[in-house]
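Novice: only geometry, no sequence info:
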């Protein structure tokens, strides 16, 4: 089972999950296979559009939200760069072999996710 990552923004907690359905939504939105999109996310080669699309697909516990809602969550977190550790955690849950760096210094920890935004 793929676990979710909790993302608390103000008083609201969002669940971010790289579910199979979320991957399919992301392929549909981007018009590319998920392996290509995953590489773009890991390398950071496609800019903010791929980040917003991933968040839109992964939010709502992997059921997805409209792109505008995802962008608003990213803005509330402090931008797409501040949101990167959460995305890395979600990808690590779905693909543990990736070992993406998170704010936990690469440690996976428990399934509770990161509850404090990574910026001051």
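Specialist: Received, thanks. On a predicted model such as this, the values are computed, not experimentally measured, just so you know.
Novice: quick check, residue 37 in a helix?
Specialist: Yes: counting by DSSP: H, G, I helix; E, B strand; the rest coil, residue 37 is located in a helix.
Novice: Contacts only, for it.
Specialist: Going by Cβ atoms under 8 Å, 6 or more residues apart in numbering, residue 37 touches 26, 27, 30, 50, 54. For every residue, glycine as well, the C-beta is placed using N, CA and C.
Novice: Most neighbours among the residues you listed, please name it.
Specialist: Ranked by neighbour count (other Cβ atoms under 10 Å), the contacts of residue 37 have residue 54 at the top, with 28 neighbours.
Novice: my guess is it contacts residue 38, does it?
Specialist: No: contact between residue 54 and residue 38 fails when scored by Cβ atoms under 8 Å: they sit 9.3 Å apart.
Novice: tell me the pLDDT at the residue nearest to the spatial centre of the chain?
Specialist: Closest residue to the average C-alpha location of the chain: residue 87 at 2.9 Å, with Cα atoms, centre = their mean. At residue 87, the pLDDT value in this model is 92.
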